[in-house]
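Asks: coords below, sequence missing:
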Ligand SMILES: [Zn+2]
């Protein structure tokens, strides 16, 4: 599962940020995950709990914010969030193509003590 490597990368980043800030404990980590990224919140949480043991990040609360997948209509140029069903443009019914938004995974902010 690729959550292992993304969680490892995320943990390394927050630990080095906390060290730079001179923080002894990380209390909260806010993450942004695109709906197209196939990253599962629960898996990130599970790996995080295991990997953060013995580090200042152990016990930090993970807050996930989901970014909807965005499409652009090839017919009328309308940009829209992925509808519940299918990918078609809600305005004209044309074929929508992914804009790339919705694939992101990044750290939005970190709270430290
Ligand atoms: Zn359209």
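Replies: Structure received. Here the structure is a predicted model, which is why all the values come from computation and not from measurement. Residues are numbered from 1 along each chain as shown.

Asks: Nearest the geometric middle of this structure, what residue?
Replies: Taking C-alpha atoms, centre = their mean, the centroid of the chain lies closest to residue 33, which sits 2.0 Å from it.

Asks: do you know how far residue 43 is from the ion?
Replies: Relative to the ion, residue 43 is positioned 35 Å away (C-beta to the ion, to the nearest Å). Every residue, glycine included, has its C-beta placed from N, CA and C.

Asks: Contact residues of this structure facing the ion?
Replies: Neighbours of the ion within the chain, by C-beta under 5 Å from the ion: 73, 75, 76, 78, 89, 91, 92, 94.

Asks: buried subset of these?
Replies: With burial judged by 16 or more other C-beta atoms under 10 Å, the buried subset of these is 73, 89, 94.

Asks: Which helix or which strand is home to the nearest residue to the last one once chain neighbours are set aside?
Replies: Read that as residue 94. Excluding the flanking residues, the one nearest residue 94 by C-beta to C-beta, 6 or more residues apart in numbering is residue 75, at 2.8 Å. Under the criterion DSSP states H and E, no helix or strand holds residue 75.
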